[in-house]
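[1] okay, sequence plus prediction incoming.
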Amino acid sequence: MRGVKILERLLYTIPIMFGVAVLVFLFMRMTPGDPVDIMMGEAGTIAPGEMEQLRKEFHLDEPLHVQLYLFLSNALRGDLGYSYAYKKPVTELIAEQLPATIELALGALLFSLIIAVPIGIWSAVKQYSIVDRVSMAGAFLGVSMPAFWLGILLILIFSVRLRWLPVTGRIDYNAGLQVVTGFYVVDSILTHNTAALVSSLKHLLLPSIALGAGAAAMVARVLRSSMIEALRQDYVTLARAKGVRETWVVLKHALRNALIPTVTVVGIQVGVLLGGNMIVEQVFSWPGLGRLAVRAIFSRDFPLVQGVVMVYALTFVLANLIVDILYTYINPKITL
Amino acid sequence: MARARLKVIASVALLAMTLPLIAACGGAGPTPTPEKVVVKETVPVKETVVVQITPTPGPKRGGTLIVGLMSPVLSLDPADYRDRQTETVIRNMFDGLVTRTKDNQVVLEMAQSATLIDPQTWEFKLKEGMTFHNGDPVTAEDVKFTFDRIITEGAIEYPEPHTAARKGLIAPLESVEVVDPLTVRFHLKAPWPVFMQMLCHQQIIPKKYFESVGGTKGFIEKPVGAGPFKFVEGKLDDQIVLERYENYYGGADDLPPVGPAFADRVIFKIIPERSSRVAALQAGEVNIIQGVPSYIVPQLLSDPRLQVKTCAGTRPHFMEVNVKQKPFDDVRVRQALNYGVNVDLILAKILSGYGVRLPGILSPFNNFADPNLKPYPFDVEKAKALLKEAGYENGFSFVIDVSADNKELAEAIAGELRTNLGLDVSVRVWDWAVLRPKLLAGERQATVGSWGDSAFDPVGYLEAKVHTYVEGSTYGRGNYSGYSNPRVDELIKAGEVETDVAKRHEIYNEIQRIVWEEAPMVFLFVPQEIEAAAANVQNWSPSPDSRINLHDVWLSQ
């Protein structure tokens, strides 16, 4: 039954993605700025007729509805067009950059959970203690601190001053990594390359912290408040009265029930981590989708922006679906 | 379920809606660095060495040079790109028939000789014994193949058939003829005095190899050239690794040392964020970086492990005012603005002095800059008198609309005008792509910006900046003041076809005097290009066309 429901939900993504495609197409065209003009830049001689020729090659001389038709009919065949700037198919560019972005998002998620879950639980159990106050103040800082600033700060301390960790990129060129999946950490484990594993983890660490700090703070605060809520429930008092060990009460009885709002927040954060990493990727020169998107937006590389936004949209849709599925496992009362 | 679906749609819609916002509110982010390449004559370009590292004896082989680039490399196909960063990487892997020295002289590279047979035909003899990175000899057939691919419409077949992006840089070339295995002739549609300068921007690819890998797609995955470094691996948006080509023929005879490169390996890393680029240099992760902000130079200079070098900049900066609107329709007001801004102070404060005052519309480095023209002096009394004469003794208010890059500069000018002349000036920041059409349509009052002049020639530059705006043409493409003077238009057109250098000087001197007098803009400065490197990087210097030629660079430790 659950399988059928999941399939049904997956089918719903089709009209959603169609809507996204149309919206992005229209919004990009409504945004002022001519891609060909930007491409030719703020300088010098260009050959007469060159701009018209480019417009023709990019089909920008066609009426809007014709362009939309071309875009949608090609998209149905899995062809998202080719990037004006890179002269490469958009799908290929995205496929090249996506693993880097997912790896960074997972790194950030892992970092935020490692930080947030113990802090959230601890703060709830020891409410109003020093630990609680300090960690909640830290969480407040984490939420308010811009990732850009935190990133630069981390670079200055750990790279420039201490020289412990690298500033840019995903791996050292001489690590000799054989790329299999595009996820460098996974690849180095698969190929038993310790040097590459160390190098890729070192490169991953600072961007993960910069990207994950906000999420960590958010999750910690939500988990704390739902834990406090849960710890006040009658079944917790009952469990304690029965003489169940306190650790067991907290982890088994309270935590499980406190997880529902937490999972929701984590789900949204996954989308944010995947789609909101533009700044962090820019700061750490992380060769991912976010950096590609930033460049594409400013150069009005329409096909590339459309492609990247559709990937982001799909990420949100799937993250929400996964959260909804997780609900049913955590709390059997909830159905899809 | 319905709730969940709604949530999904809402977040997706929100995401889609924020897009134009990002574009509209954001600063001018990484825009492609444009290039400008028409030169009719050349002058040596002054190069200031800020820190002279004591030279260690003799060049040394070995080591890895890592360069932090400002923006992504867009292609590894020498026929299909238009930006400078890409050219930097490509020209370390591919050589051309001719190249350019750091002071903008054209010298022979792969060509042994170049002869102008008649005004429309050039003949090139290739050096003997040159090979591509795969060992194949370089022949006239490769040269013909390279240029046919560039000039033939729709010749680039991947990802969809289109015309080479570099065709526009050699538009008058009609055909290339193979005379014998080492001799080619270039036939032009019309005499073209800048042919040799423009040829520097075209690099030769191997025909046989290109065909053996099935065309463009295969070629850009593993490009093969005849330059000092060969391609090893790399992703365009991340890093590109090159290795020394041991059988390199040596490069231009006029650019010693001639022979294989010194460095074993060269890595180009893409680091668009400038603070990160500087941090990467400080952390020892890269050896050379481009695009160093001037404010950070004192900090870099205080570090003995680093060196900073500058060279002539190519981007004159102005504040253009809308001459079609009050109060800027009055020439006295525009002159008053020029007298009323202390440009030297701004230069010192914002660029830490790394720039040169602009005497008029042309950069002082331009080959046709009028040496008799002097920058407007800073004279508040004169400015106030001019404003009074124009009937604005109580001042007026206006808004300077700029991209994020120029915010600081615009704020400084606004501050100057407020303090010195009592004008009510404010600054508004836009995404450049949004602002530009509004400026061209004459819908704004003033803007601060720059225009590239890396060829040091007025052709193309004046036509874009002070010719009357003609929609859809190259004329007035960067004329944000709405300036229009029939005499100037006429002179610009005359300069484009004039081949006599003395007459060109006359023409351009007249344009410069008119524009200085009518002042459709406040003439500011040309910032210098600043690059930095680790102290052990030897024989390196930035070049005005922002190429980083690593062939002769070596590491002392």
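    Arrived safely, thanks for sending.
[2] enumerate the residues of the stretch 151-300 of chain A near chain B.
    A:152, A:155-156, A:159-160, A:163, A:166-170, A:173, A:268, A:271, A:275, A:282-285, A:287, A:291-292, A:294-295, A:297-300 (C-beta under 8 Å from any C-beta of the partner chain). Where you see a C-beta, it was placed from the backbone N, CA and C, and this is true even at glycine.
[3] list phi and psi for residue B:116.
    Torsion angles at residue B:116 (phi, psi; degrees, to the nearest 10) stand at phi -90, psi 100.
[4] and it, what does it touch?
    Residue B:116 is in contact with residue B:122, counting by C-beta atoms under 8 Å, 6 or more residues apart in numbering or on different chains.
[5] can you turn the buried part of the residues of the stretch 151-300 of chain A next to chain B into a ChimeraX selection?
    The ChimeraX selection below is limited to those of those classed as buried (16 or more other C-beta atoms under 10 Å in any protein chain shown):
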select /A:152,155,156,159,160,166,167,168,169,170,173,268,271,275,282,283,284,285,287,291,292,294,295,297,298,299,300
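[6] mind checking which of the residues of the stretch 151-300 of chain A next to chain B are in helices?
    Of these, the ones assigned to helices by DSSP state H are A:152, A:268, A:271, A:275, A:282, A:283, A:291, A:292, A:294, A:295, A:297, A:298.
[7] identify, from the residues you listed, the entry nearest to chain B.
    Proximity of those to chain B (C-beta to the nearest C-beta) peaks at residue A:298, which lies at 4.0 Å.
[8] so what's residue B:544 up against?
    By C-beta under 8 Å, 6+ apart, residue B:544 lies in contact with B:45, B:102, B:104, B:311, B:312, B:313, B:314, B:365, B:454, B:456, B:529.
[9] closest to chain A out of those residues?
    Nearest member of the contacts of residue B:544 to chain A, counting by C-beta to the nearest C-beta, is residue B:454, at 7.0 Å.
[10] give me the pLDDT for the closest one.
    Per-residue pLDDT puts residue B:454 at 68.
[11] for the one 5 residues further on, same thing?
    Confidence at residue B:459, expressed as pLDDT, is 82.
[12] do the same with residue B:51
    Per-residue confidence (pLDDT) for residue B:51: 50.
[13] ok, residue B:46 next?
    Listed pLDDT for residue B:46 reads 40.
[14] count the neighbours of residue B:106 for me.
    21 (other C-beta atoms under 10 Å in any protein chain shown).
[15] gap between it and residue B:494?
    Distance of residue B:106 to residue B:494, given as C-beta to C-beta, to the nearest Å: 25 Å.
[16] do residue B:421 as well
    Plainly put, residue B:421 is 37 Å away from residue B:494 if you go by C-beta to C-beta.
[17] what's residue B:315 in contact with, if anything?
    Counting by C-beta under 8 Å, 6+ apart, residue B:315 touches A:43, B:450, B:451, B:452, B:453, B:526, B:527.
[18] next, count neighbours for residue B:264.
    The tally of other residues near residue B:264 (other C-beta under 10 Å) stands at 14.
[19] neighbours of residue 324, how many?
    No chain specified, so I'll use chain A. Using other C-beta under 10 Å as the criterion, the residues surrounding residue A:324 number 24.
[20] switch to chain B, please.
    12.
[21] SS state for the closest residue to it other than its chain neighbours?
    Nearest non-adjacent residue to residue B:324, counting by C-beta to C-beta, 6 or more residues apart in numbering or on different chains: residue B:482, 4.5 Å away. When classified by DSSP: H, G, I helix; E, B strand; the rest coil, residue B:482 comes out as coil.
[22] got the contacts of residue B:544 as CSV, with neighbour count, distance to residue B:545 and secondary structure columns?
    Formatted as CSV, the contacts of residue B:544 follow (neighbours: other C-beta atoms under 10 Å in any protein chain shown; distance: C-beta to C-beta, whole Å; DSSP: H, G, I helix; E, B strand; the rest coil):
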residue, neighbour count, distance to residue B:545, secondary structure
B:45, 18, 10, coil
B:102, 17, 9, coil
B:104, 23, 8, coil
B:311, 23, 10, strand
B:312, 23, 10, coil
B:313, 26, 12, coil
B:314, 28, 8, coil
B:365, 22, 12, coil
B:454, 28, 5, coil
B:456, 26, 10, coil
B:529, 23, 10, strand
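[23] what is the nearest of those residues to residue A:193?
    When those are compared for distance to residue A:193 (C-beta to C-beta), residue B:529 wins out at 40.2 Å.
[24] in contact with the closest one, which residues?
    Contacts of residue B:529 by C-beta under 8 Å, 6+ apart are B:310, B:311, B:312, B:313, B:314, B:542, B:544, B:546.
[25] my read: the second one touches residue B:527, true?
    The reference is to residue B:311. No: with contacts counted by C-beta atoms under 8 Å, residue B:311 stays clear of residue B:527, the gap being 11.2 Å.
[26] any idea how far residue B:402 is from chain A?
    According to C-beta to the nearest C-beta, to the nearest Å, residue B:402 stands 13 Å off from chain A.
[27] wasn't that residue part of a strand?
    Yes: under three-state DSSP, residue B:402 sits within a strand.
[28] excluding its backbone neighbours, what's nearest it?
    Nearest residue to residue B:402, sequence neighbours excluded (C-beta to C-beta, 6+ apart): residue B:410, at 4.5 Å.
[29] from residue B:318, how far off is that neighbour?
    Separation of residue B:410 from residue B:318 (C-beta to C-beta): 11 Å.
[30] please identify which of those two sits among more neighbours.
    Between residue B:410 and residue B:318, residue B:410 has the larger neighbour count (other C-beta under 10 Å), namely 25 against 21.
[31] who touches the more buried one in this structure?
    B:319, B:400, B:402, B:427, B:448.
[32] wait, a helix at it?
    Yes: using three-state DSSP, the assignment for residue B:410 is a helix.
[33] using pLDDT, spot the least trustworthy of the contacts of residue B:529.
    Lowest pLDDT among the contacts of residue B:529: residue B:546, with 69.
[34] for residue B:332, which three-state class applies?
    When classified by three-state DSSP, residue B:332 comes out as helix.
[35] which ones are touching it?
    If you count contacts by C-beta under 8 Å, 6+ apart, then residue B:332 has B:386, B:387, B:389, B:390 around it.
[36] ok, which of the residues you listed also contact chain A?
    Okay, of the contacts of residue B:332, nothing touches chain A (C-beta under 8 Å from any C-beta).
[37] isn't residue A:41 right next to residue B:452, touching?
    Yes: counting by C-beta under 8 Å, residue B:452 is a contact partner of residue A:41 at 7.1 Å.
[38] coming back round to it: most surrounded residue in the contacts of residue B:332?
    residue B:387 (26 neighbours).
[39] tell me what whichever helix or strand that one is part of is packed against?
    According to DSSP states H and E, residue B:387 maps onto helix B:380-389. If contacts are counted by 3 or more C-beta pairs under 8 Å, 6 or more residues apart in numbering or on different chains; DSSP states H and E, helix B:380-389 sits against helix B:331-340, helix B:407-421.
[40] mean confidence for it?
    Helix B:380-389 shows a mean pLDDT of 96.
[41] could you do stretch B:348-363 as well?
    The model assigns stretch B:348-363 a mean pLDDT of 92.
[42] kindly reformat the helices and strands packed on helix B:380-389 as CSV containing mean pLDDT.
    Conversion of the helices and strands packed on helix B:380-389 to CSV gives the following (pLDDT from 0 to 100):
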stretch, mean pLDDT
helix B:331-340, 96
helix B:407-421, 95
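[43] what residues are up against residue A:304?
    Neighbouring residues of residue A:304 by C-beta under 8 Å, 6+ apart: A:83, A:84, A:85, A:86, A:90, A:93, A:292, A:293, A:296.
[44] now with 10 Å, please.
    A:80-86, A:88, A:90, A:93-94, A:292-293, A:295-297 (C-beta atoms under 10 Å, 6 or more residues apart in numbering or on different chains).
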